[in-house]
Structures are given as structure tokens and as C-alpha cells.
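Novice: Curious how this folds, go ahead:
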Amino acid sequence: MQTPDCLPSPDIIVIVGTGMAGLRPNIPIRLGTAFREQHSGVERDSAVPSVGTSSEVERLRGVIARLMHTAAHDQLTGLPTRSLLLERLELELAREADDGARIAVLFVDLDNFKLVNDSLGHSSGDEVLTEMARRILGCLGPEDTASRFGGDEMVVLHPRASDRSGADLGKRMLAALAEPILLSGKEVVVSASVGLAHCKPGTKGAEQLLREADTALYAAKVRGRARLAEFNDELHARAEKRVQIESDLRAALRESQLFVEYQPQVRLKDGRVVGVEALVRWRHPERGIISPADFIPVAEECGLIVRIGRQVLQESCRQLAEWARLMPGCPLAMTVNVSPREIAEPTFIQELCQVLAGTNVDPTALCLEITESVMMSAPEEVVQVLDQIRQLGVFVAIDDFGTDHSSLSRLRDMPAEVLKIDRSFIDGLSSEPGDTAIVSSILSLAYAMGKHTIAEGVERGEQAAMLLRMGCDVAQGYFFSRPVAAEQIAPMLTRALWHPSSGRALHAAQPVEGPVRRGHHYFIDEFLDHIGAPMGTKATVSR
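Specialist: Prediction:
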């Protein structure tokens, strides 16, 4: 039987008017096939269909209310969706500001939530998110709204905030979220960070207030996570600077404003240059040279670091090939920093192979650096890529070593063969016993594990001499040379940049026998005859 003409088809939109409990007026709802099927028995010539009866209207109201609730709430946590929170926030921002109350927004994000999914599985991650939502709701007042914005990000609207009530609410949520969660019979602690922003009604838009809360959240992450940060003038200036840098950086890539300088790496036993580190620089047309500390973090955040890294790797390998052509008797190593975002690119290995083939650079003359913090927390996929890099013959270095907490077992299993000792420890050599002990320990650890070492930030001769006596292989820093243009490197390859008074390292004086002795001989003499091409003398690399 056909559907009566007076009944709505699946494509008809019914406008629900006022008077429905819990519903806003004039909300369009598309009626589905279930409604049509239920009324398929109504005769075409019925003057008043059953939809007009009181019971049917009430039933329809219930169906619509449930549909609206489902559409406006997150399926996993039951919290309102982003769109619903934005509606409520806009209404609050449009209200009269006569009561003196401010409107606060709190951005909540779990710290290292990806590790939960990677280690315990996505079902456990869903449990964490559900429990996170429950705990946040337990901290809210009757007028507050919590919303899931996506992933592990949640936003709380605190519409009647006093001077400190927003910060107090954030601290209560942090404390609640820090309590252990029972997953598969195990207690798991997942901390969170919170960003807070607030304003008076009518002074800001919803998107701006949310953006400010997100900026404060990022500040909390940078400051060490598991904390609350509040948006202020300093963060506002920083956010404006970040937006400007990103815009200028995109122009810099289009207009070739980025260039590469090279800092020599010196073999301490004879003062000869055996390698260089490629360092990207930015010559801004109006602001001059911009520090990498200002633009590299922005490039990491917005994803431009992938294009920058690709450009630096290409130019560095091209330059290395040029030096090899000009100075055939002076083999040189090239160290290039790589970002975890670069390594995560599916095409990274393919592009690396293309660069090596296109420039005809020996893979054993190239060393890619990744920071210790990234290396120690690297997921399995990144470790696999690093292993593929090693299989190509390219060396992998751990940069800033000693500044992060490293598990010895993880360090042992990491596909990295070079440890770069962070400059913060070199500063205190000979003057700070603690720094001297740390450097000595790192060198002993590297020696025992068969890894090579490079000390960064050497600025005084006594530091170089002490590193040599302690058994360090190679160093770089202003004492030898600042980063310089490519054309200044070639003359340095023909002379020693430093003349050590003693060429004997402490480790070399130790009478060690057996396998350790052979390991030491390889570690000091064979590899560090040169940090460049002789990298390939280590062992035949499987391909």
C-alpha cells in the first residue's frame, strides 16, 4: 500500500515548534522510513491521520528528542559535541555583562595518550577516555558544560567564573585525572594538561577564546605537562609572533630565504676536521637572520619542518659531494638533524635513497641526528625506519644526550651508533664536578656499549683538552669554529684547527685485554681515523 499523501516522506523536513520539553524551537528533523512504515496502513482518503493524535505527537516528540541527543553527543563518552558547545559558548558571550561574571574555557588534553593506544590497545584507550569524561563531569558545577572536541581533547565551558574559579576548576580536574585507572587488572596513571582562557561577555568571539585556551594548553605542555597554564599577555604576544613566523616561513620556502651553514667537527687527538654539522639558517628580508630556536619549533608544529628537512638534506648532500670532488684526499662526514615528523613520513626512506643516489654520496659519510627525548619515546614504527636507515649504511646519532631520562635497555636496543654529549654538560667541565662526572660517565657508557661520541658546545681550550684526556673522540664548538658558509670549510680541511698538548686519552692508557681490548681498538683507532668515510669500516652493513 502506498504512503498516504498527508504523511511526510523520508525527504520531507518537519519543523518542530515550541512547547516540546528539552527542545529548542523550530528545529528541522528529517523523518525516516520507520515513521513511514508505521503509518503505511492509513487510508489515502483519511481526513485526519493518526499523527495528529495526542499519543502520536508525544511519541514523535520522544523520537525526535532521542535523535537530537544522539546527533549532539559523543557516542563514546556521552559528552556534548564540539558544535553544541560552540552554540552554548556563543550564547554566553552574547549575554549582558551586568553581573560581573566572566566566561572561562578550559582545554583539557591527556599527556602521551598515544602510548596508551600503542601499548594497551585502542579498547583500553576508549576506557581511559570514558573514565576521563566521568571524572571531569564530577568536577563541574550545574551551569558548566564539558564537551569532547576530538581524540583525547575535551573542552569545559565555565560560564559564571569569578577571579579564581576557573583556575580552581582546572586544578580539581587535574587532581581527579591524575588518579590511577584500572585497565585489564593493572593500575595505569595518565596525566593531563589544562589550558585556561577567560573574558567578559561581548569582548571576544567563541573561536578566539577557544584559540587562546588552546595556546595556554600548549604552554602547559611545553612547561612539562601535568599542569595548568592560563592565557595572558605574554602568551598572546607569543601566539601572535608564532602566527607571523608561520606566515613568513611559508614565504621563505617559496622565495629560497633558507640556507645552510656548516660547523666543523674536530678529531681531538690531532685537531683535524673530520666532519661538519649542517645547520639551517633563515635570512629574513626585513628582520635579518632569525634564530633557528625561533622558527624550528613553529615549523615542527605546523608541519613545514618536513619541507625544510628535505631541503636541508638535499643541499647538505650536494655540498658534501662538491667537497669530495674538490678535496679528494680529505674525506668528510656530514651530520644532518632530522625531525620525528620527517621520519614518520611514509616516503622518507625512498626520498633518502633518491638524495644519496642523486648526489652520489657514500651512505657511510652521512649521519642523521635525532634528539634523545624523541629517540627514547619513539614508537615501533619510528624504530623500524631508523633501522632501515642503518641498513642503507647511514649512521644514526642521538642528539642532546644526557638531557633526558634514558633507559639503558632501550638505549642498548636503539639503532643508533653515535652519542652527542649536550653542551650543557660541557660548560661545567673543570669547574663543576657534577658536570665532569656526568661527561665521564657518558663517555664510559658509550665506550662500554661500542658507541661513538661527539661533544657539543666546546668554547675553551681547557674543555677540549679535558675531553681528550677523558677519552672523547670528536668535538665541535666555537673554540674550533662557528658555523660558517660552505666555501669556508675547504681551507679548514688542509690544516689542524687545534694542536693538543697530549694525544693520549685516559681509556687508551688502560691495559684491557680480550674482547674489550679489541672493541676499544675499533672504537678509538679504526672509527676515529675519520668520522666520515671511515664510518664504513665498521662492518659490512646488510642491505
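
Novice: On the three-state scheme, L174 is what?
Specialist: Per DSSP: H, G, I helix; E, B strand; the rest coil, the local secondary structure of L174 is helix.

Novice: After the top strand by length along the chain, which helix or strand is next? Please name it.
Specialist: Longest strand in the chain, counting residues (DSSP state E): strand 272-284. Toward the C-terminus, strand 272-284 is succeeded by strand 288-290 as the next helix or strand (DSSP states H and E).

Novice: Show residues contacting that next one.
Specialist: Strand 288-290 is touched from outside by 245, 281-284, with contacts defined as C-beta atoms under 8 Å, 6 or more residues apart in numbering. To be clear about C-beta, it is placed using only N, CA and C from the backbone, and glycine gets the same treatment.

Novice: Do me a favour and average the pLDDT over the longest strand of the chain.
Specialist: For strand 272-284, the mean per-residue pLDDT is 96.

Novice: do stretch 464-480 as well
Specialist: pLDDT averaged over stretch 464-480 gives 93.

Novice: pretty sure E131 is touching L183, no?
Specialist: No - look at E131 against L183 with C-beta atoms under 8 Å: they stay out of range, at 9.1 Å.

Novice: Give me the buried stretch members for the strand or helix carrying F107, please.
Specialist: Applying DSSP H and E as the criterion places F107 in strand 102-110. For strand 102-110, burial by neighbour count (16 or more other C-beta atoms under 10 Å) applies to 102-110.

Novice: Pull the distance from that strand to the chain's centre.
Specialist: The offset between the C-alpha centroid of strand 102-110 and the centroid of the whole chain comes to 21 Å, using C-alpha atoms, centre = their mean, to the nearest Å.

Novice: who does that strand pair up with?
Specialist: For strand 102-110, the paired strands and their directions (DSSP bridges) are strand 153-161 (antiparallel), strand 192-199 (antiparallel).

Novice: These into JSON lines, with extra columns for distance to S501?
Specialist: Output for the strands paired with strand 102-110, formatted as JSON lines (distance: least, C-beta to C-beta, whole Å):
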{"stretch": "strand 153-161", "distance to S501": "58"}
{"stretch": "strand 192-199", "distance to S501": "51"}
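
Novice: Out of those, which gets nearest to V222?
Specialist: Relative to V222, the nearest member of these by C-beta to C-beta is strand 192-199, separated by 9.6 Å.

Novice: what pLDDT, on average, does the closest one get?
Specialist: Per-residue confidence for strand 192-199 averages out to 94 on the pLDDT scale.

Novice: Alpha carbons only: can I get it in PDB?
Specialist: Listed in PDB are the C-alpha atoms of strand 192-199, where the atom choice follows Å, rounded to 0.1, in the frame of the first residue of the first chain:
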ATOM      1  CA  ALA A 192      46.600  15.600  31.700                       C
ATOM      2  CA  SER A 193      47.400  19.300  30.900                       C
ATOM      3  CA  VAL A 194      44.900  22.100  31.000                       C
ATOM      4  CA  GLY A 195      44.800  25.500  29.200                       C
ATOM      5  CA  LEU A 196      42.600  28.200  30.600                       C
ATOM      6  CA  ALA A 197      41.300  31.400  28.900                       C
ATOM      7  CA  HIS A 198      38.500  33.700  30.000                       C
ATOM      8  CA  CYS A 199      36.900  37.000  29.100                       C
END
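
Novice: Done for today, thanks.
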